[in-house]
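> Predicted structure and sequence below. I'll ask about it afterward.
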Amino acid sequence: MPDQRTESDVLRDLLDEASAIGQLVKNEEAFHGAYDAYRAGNRQEFRSILERLHLYDRCQLVCQWIGVKECTCLCFELCGPPKPVDHPTDPRQLAEAIVRITADPQATKQLVEAIEKRDRAGFARIVETLKLEGLCHHFCHWVCHIRCQLMCRWLCTPTIEVRPNLVDELQSAGKAMRALLERKNLFDDAVAASNAGDAEKLRSAVEAAGLIQMCRFICFFFCSWRCVLACLRLCRQFPIEPVRDQIKEAAAFAKEIQRLVEKPAEFAKLSAAVGAGDDRTFQSVVVELKLQRFCLQLCHWLCIVRCRRFCRLVCTPIFYHPWFTHVGDFDINGDFAPATGLTNKAHGHGGPAFGFFGCLKLRGLCPKTSPVFAGAPMAYRFLFQQSGAQTPITGGFVCEALVGSRYTLWNGNPFTLQSVRIRGVGVTSPTPPPAGPGVSPPDHYIVPDAQGWVTVDANALDDAFNGWLMGFASWVAVPGSANPAPAGLAAGNPVPVAGQKNGTDVALIYQATRVSTIAAVNGGAAPDYTNQLAKIHINNWGEVMLLDLLQFHSGGGNPCAPLTTDLDIEYTADHELMAAWSVERITAAPIPPAVLPSGTGPRGGAGTDHHNISTWPTCSYAIRLHTVRSLTDGLNDDTDKFIEKTFCIGRRVPK
């Protein structure tokens, strides 16, 4: 992490943590109590001590510092004095061992018990079984720091009601490593990126493996690996002595680093030396500040704090990661059948087994600025793909969508709320809008550029566009016709297979990137973020609806001649995703209900339905053919439609 901004951020993190622990160690009794409460996971006692010292708002800083110190001592206790390593081994060996043990719930439980009970013999047996004797400290630090993260989440997050389960967390971390190991080239890329401290390349490897949601596990694995290697090398010339009273030693170290707070230049040198693996600088500053006794724990603390900052660069903070999440009410990850692109459940509407039509509201999140590159404005776009090239959703492919509200200057008031909408025609509205009458300004319209990009409005409420991001005019991309009946097809006959209309499978791709990288992405470079709905089935064809009465066009009959004895209803209803169809009789006559054709499911039905009407009362009648398709725009489903034929039964003349 060589750039100056990152180094400044790391130094600020170190100073904040050192300051928080410095306030705690001023009261040694409170320090010992907090340390004991951390070890026991006693949230009530931990919080009580920090609140008494007005430190609870810095709970995470205190907890993280104790966690790093605890892991250094615990791993010394379980693995013995660490041995310097001149030639680092392949982290694949450790990753494979982690995958093996976490695949077995019982073995994982035994590992957790060995760590929590500080059971050296039990831990040694596990290490021996995994053939990790030479990597004991690497393995121990990996387990312990995952435990530390869970412990701090428990101690410092009052809204969590159940203590997180370390067995579950380790197994999740193991699944992440297994998935990465299965992609050998990407694992090698991740090793190289980690060794180089290249956050962008490590993030690219994680994204290419489809593991961005498990990024924190992968990043920390490599960070922990590097920290153990680096600190064994950086501190090799200083003798490591056993610690009799670990909490007393931790208090002494906490007091000692207060001197570093007063010497930020030396603090920065030590941190940068750890990041660069600069033995000479690190060792000289340690000697100058007389910190030899604390070398290993100092190094681990510096390195883990650097790790947290590095992994923030690698793994987008989960709350600000740009995502495409829904089509209307339907989650792209869980509500679509991968094989068909149809919905696999209902949300009060729309499923299961529904296709899509009309204006599709595409939902997700894109922050105003990059989660990784501070202050860099962000933009996003959607593309659709049927079988060949990807096409940006812009111009005629856009249907209007409300994406939020923003503050704007209006009639002298700089904080007037204004609706923000995306549409495909015209130009983006000016900011601020021209002065005019009325309490509220006109809506602000954003028009995507020629390649579909929308820059997130810096004046929008909140830190992002979060909700509807785009309206997709699916009928433009996948057109259909309201009247798809083949020419010459008469009611009562099924639609020939060659004349049946079907929908199209489409992929919807989301891309989000810094505004400064749009030109590169247009040229083929990868965007900062992307995800997609691999298959959505779109059908904008209307259903075939044909209805006639045989008596109107045979035997000299016509629609104006009254019927007396026979009624033959000719009907054809056809659609790929027909939900239901039915024939209905409407009349004011007092008459029992008629049994008429109906059906559910794809394609509909066709035929001629005969009725003897000689006993039906003289009156006017209507025959209706109803249809409804299994289609939704994600928010609203297709509605019932009908066509009808009217006839009358005239006065009958006695024979």
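Yep, it's here. Numbers count the residues shown, from 1 in each chain.

> check contacts around residue 403.
Contacts for residue 403 (C-beta atoms under 8 Å, 6 or more residues apart in numbering) come out as 420-422, 446, 465, 467-469. The way it works is simple: take the backbone N, C-alpha and C, and place the C-beta from them, glycine included.

> So which bits of the helix or strand encompassing residue 115 are buried?
Using DSSP states H and E, residue 115 maps to helix 105-116. For helix 105-116, burial by neighbour count (16 or more other C-beta atoms under 10 Å) applies to 108, 110-112, 114-115.

> now stretch 550-564
For stretch 550-564, by 16+ other C-beta under 10 Å, it's 550-552, 557, 563-564.

> residues in contact with residue 391?
With C-beta under 8 Å, 6+ apart, residue 391 has these contacts: 383-385, 397, 477.

> what do you get if the cut-off is 7 Å, keeping everything else the same?
If you count contacts by C-beta atoms under 7 Å, 6 or more residues apart in numbering, residue 391 has them with 383-384.

> Domain boundaries for this protein, per the record?
4-314, 319-538, 544-649 (automatic domain parsing).

> Farthest pair within the contacts of residue 403?
Farthest-apart pair in those is 446 and 467; separation 14.2 Å (C-beta to C-beta).

> wait, what's in contact with the closest residue to residue 549 other than its chain neighbours?
Spatial nearest neighbour of residue 549, chain neighbours left out: residue 645 (5.5 Å); criterion: C-beta to C-beta, 6 or more residues apart in numbering. Counting by C-beta under 7 Å, 6+ apart, residue 645 touches 547-549, 623.

> Which one of those residues sits in the busiest neighbourhood?
When neighbours are counted by other C-beta atoms under 10 Å, residue 623 leads those with 26 neighbours.

> wait, doesn't it sit right on residue 567?
No - the criterion here is C-beta atoms under 7 Å, and residue 623 misses it with residue 567 at 8.0 Å.

> joint contacts of the two?
Taking C-beta under 7 Å, 6+ apart as the contact rule, residue 623 and residue 567 both touch residue 549.

> Okay, buried residues for stretch 466-478 please.
So for stretch 466-478, counting by 16+ other C-beta under 10 Å, buried means 466-475, 477-478.

> quick one on the thing from earlier: closest one of the contacts of residue 645 to residue 176?
Out of these, the member with the shortest distance to residue 176 (by C-beta to C-beta) is residue 547, at 59.3 Å.

> For the closest one, give the beta-bridge partners.
residue 571 (DSSP bridges).

> so it makes contact with residue 642?
No - Residue 547 lies out of contact with residue 642 (C-beta under 7 Å); the separation is 8.9 Å.

> Pull up the overlap in contacts between these two.
Contacts common to residue 547 and residue 642, judged by C-beta under 7 Å, 6+ apart, are residue 625.

> quick one: which helix or strand includes residue 380?
Counting by DSSP H and E, residue 380 is found in strand 378-385.

> That strand: partners in the sheet, and parallel or antiparallel?
Strand 378-385 is paired, per DSSP bridges, with strand 391-392 (antiparallel), strand 454-455 (antiparallel), strand 504-514 (antiparallel).

> Tell me how far residue 460 lies from residue 408.
10 Å (C-beta to C-beta, to the nearest Å).

> any idea how far residue 183 is from the nearest residue to residue 212 once chain neighbours are set aside?
Nearest non-adjacent residue to residue 212, counting by C-beta to C-beta, 6+ apart: residue 206, 5.8 Å away. Computed as C-beta to C-beta, the residue 206 to residue 183 distance reads 10 Å.

> okay, these two: which has more neighbours?
residue 206 (26 against 16).

> pLDDT of the helix holding residue 115, averaged?
Computed over helix 105-116, the mean pLDDT rounds to 95.

> And the contacts of that helix?
Residues contacting helix 105-116 (C-beta under 7 Å, 6+ apart): 101-102, 119, 122-123, 126, 143-144, 147, 166-167, 170-171.

> Only whichever of the residues you listed are buried, select them in ChimeraX.
The buried residues among the contacts of helix 105-116 can be selected in ChimeraX (16+ other C-beta under 10 Å) with this line:
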select :101,102,122,123,126,143,144,147,166,167,170,171
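
> Please, where are all the helices along the stretch 451-600 of the chain?
According to DSSP state H, counting those that start in this stretch, the stretch 451-600 of the chain carries its helices in the segments 474-477, 518-522.

> Dump those helices to CSV, plus mean pLDDT.
As requested, the helices of the stretch 451-600 of the chain are arranged in CSV below (pLDDT from 0 to 100):
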stretch, mean pLDDT
helix 474-477, 97
helix 518-522, 95
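
> among those helices, which is nearest residue 62?
So among the helices of the stretch 451-600 of the chain, helix 518-522 is nearest, using C-beta to C-beta, at 42.7 Å.

> hmm, who's touching the closest one?
Under C-beta under 7 Å, 6+ apart, the answer for helix 518-522 is 379, 451, 453, 511, 513, 527.

> Do you know the pLDDT at the third one?
What it means is residue 453. The model's pLDDT for residue 453 equals 98.
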